[in-house]
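Asker: when you get a sec, could you give me coordinates for this:
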Amino acid sequence: DEKFRALVDLTSWEKDSFSPIRYAVWLKVVSVFKPLEALRELRRMDKDELLLFISSVLSIDWYNPDDIYEGEATLSPDNSFILIPKDGNLESELSSLAVGIINAAYAGGIAFGRELCVDSMGMMYSATEEESFNNRNSRLADEGIPTYIEALELFHYEDPSSLLKRLVKMVGDEEYKKHSPSTGYLISGFTVLPRAFWEDRYELEKELVDDLKVELSALLTASIVVNNALDRDAEHIKGIIERSRSYFALGLELLIEEAPKAFTVDKMLRFIKLRHLFRLGFSLLIDLKKNAANVSSAVKDFAEPVAFTADEEEFLNNLLQPIPMFKPSLTDAALPFDDLSRLKDARKLLSILASKIVKK
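Answerer: Next comes the predicted model:
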């Protein structure tokens, strides 16, 4: 049930706000079940989220036959409550789903149905939403999915040279020896890299590869959270995964290049967390972008235009994008920085542009 609730949570919130429209997707599934089956599924769902949905769609009160009710309304199955759609239309999708929930809740007797109605009437929406949000975060954390703030830590900038030295010192230190990660997480197929990704590049033992697949999957999931893409389409998520994987690949390649020759990749990855390698690659690109921004600012400080070619202008503009890309000429497609050779080429070209400014 906790895994099921975590799955519902993934698509039912917009950052820290509950979304009735997104939550309704799950209720549409429940609505096709037979009454007792629907009741069973409703009981599996988080009660506070059910109440948030009902209270956002319906106004509920004790039914008084002597009162006159304006507009559309309907009664609960036990005729104890009046259900009034807030949009004024009982036939609208959300209203009919909310009424359907209450009817299904009465399927096994009156207790659960009455409980939902009474609790919806007396509920303070903001307080319930806050408590539900905290419960949601706990459920997702148990499944290996961090909150936005926790995931954002992944993109913390750190001086690459200092970080690299610190990582090398971790190798062989028992304090940093990694343990096998939990394999009970909710893991998306988008974030699982095939075994060939590791075996084609590095000589690693099977048990380490299995651990790395889970560790990297958790890291890429955090990247999806930061990019608010948990509920986006497959192509969008795929693009984020490819970009995030390139940060990790850059960091690992630099570590292999700069670490002592006695350090095998297998040994290093038993001590160094992949999130550190991700940050190393990300920080390398941040440095490149900063240098490009300095060149661009220097150009603007001159009264006379600096003689950059069209290719050089295009190259510089691509480095200044939110996510830097490498485009050495107008005839080339812009490419992500997924290997060190491309990064080194970009640094050389940027140095040439900087030298033009110095000479001028």
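
Asker: now the element after the lowest-mean-pLDDT helix or strand in the chain, going C-ward?
Answerer: When the helices and strands of the chain are scored by mean pLDDT, DSSP states H and E, helix 195-199 comes last with a mean of 75. Toward the C-terminal end, the helix or strand that comes next after helix 195-199 (DSSP states H and E) is helix 206-226.

Asker: hmm, who's touching that next one?
Answerer: Around helix 206-226, the neighbours that count as contacts under C-beta atoms under 8 Å, 6 or more residues apart in numbering are 144-148, 150-152, 154-155, 178, 180-183, 185, 187-188, 190-193, 195, 198-199, 204, 230, 237, 240-241, 244-245, 248, 266, 269-270, 273-275, 278. Bear in mind the C-beta positions are built from the backbone N, C-alpha and C, glycine included.

Asker: so which of those sit within helices?
Answerer: 148, 150-152, 195, 198-199, 237, 240-241, 244-245, 248, 266, 274-275, 278 (DSSP state H).

Asker: list buried residues within those.
Answerer: With burial judged by 16 or more other C-beta atoms under 10 Å, the buried subset of the ones in helices among the contacts of helix 206-226 is 151, 198, 237, 240, 241, 244, 245, 248, 274, 275, 278.

Asker: pull out the buried residues from stretch 44-56.
Answerer: Those would be 45, 46, 48, 49, 50, 51, 52, 53, 54, 55, 56, for stretch 44-56 by 16+ other C-beta under 10 Å.

Asker: contact partners for the last one?
Answerer: What it means is residue 56. When contacts are taken as C-beta under 8 Å, 6+ apart, residue 56 is in contact with 18, 20, 86, 125.

Asker: would you list every one of the strands in the chain?
Answerer: Per DSSP state E, the chain has strands spanning 13-14, 17-18, 58-62, 74-75, 81-85. These are given in chain order.

Asker: distance of residue 260 from residue 159?
Answerer: Residue 260 sits at a distance of 21 Å from residue 159 (criterion: C-beta to C-beta, to the nearest Å).

Asker: tell me the confidence at the residue most central in space within the chain?
Answerer: With distances taken as C-alpha atoms, centre = their mean, the residue of the chain nearest its centroid is residue 225 (1.4 Å). Per-residue confidence at residue 225 stands at 79 (pLDDT).

Asker: do residue 357 as well
Answerer: pLDDT, residue 357: 77.

Asker: what does residue 168 give?
Answerer: 94.

Asker: could you pull out the helices for the stretch 1-150 of the chain?
Answerer: For the stretch 1-150 of the chain, applying DSSP state H, counting those that start in this stretch gives helices covering 2-12, 20-31, 35-44, 47-57, 93-105, 111-121, 125-142, 148-152.

Asker: below-threshold pLDDT in this protein: ranges please.
Answerer: The chain contains residues with pLDDT under 70 at 183-190, 228-233, 302-306, 358-360.

Asker: residue most distant from the centroid, it?
Answerer: Distance from the C-alpha centroid of the chain, by C-alpha atoms, centre = their mean, peaks at residue 66 (52.2 Å).

Asker: contact partners for the residue nearest to residue 282 when sequence neighbours are not counted?
Answerer: The spatially closest residue to residue 282, leaving aside those adjacent along the chain, is residue 247, at 4.5 Å (C-beta to C-beta, 6 or more residues apart in numbering). Shown here is residue 247, whose contacts under the criterion C-beta under 8 Å, 6+ apart are 278, 279, 281, 282, 285.

Asker: can you do 6 Å?
Answerer: When the contact criterion is C-beta atoms under 6 Å, 6 or more residues apart in numbering, the partners of residue 247 are 278, 281, 282.

Asker: since we're on the last one, how many residues are nearby?
Answerer: Okay, so that is residue 282. When neighbours are counted by other C-beta atoms under 10 Å, residue 282 registers 23.

Asker: state the distance from it to residue 133.
Answerer: Distance check for residue 282 against residue 133: by C-beta to C-beta, it reads 28 Å.

Asker: cool, residue 28 as well?
Answerer: Residue 28 sits at a distance of 23 Å from residue 133 (criterion: C-beta to C-beta).

Asker: when these two are compared, which one has more neighbours?
Answerer: Neighbours per residue, other C-beta under 10 Å: of residue 28 and residue 133, the larger number sits with residue 133, 19 against 11.
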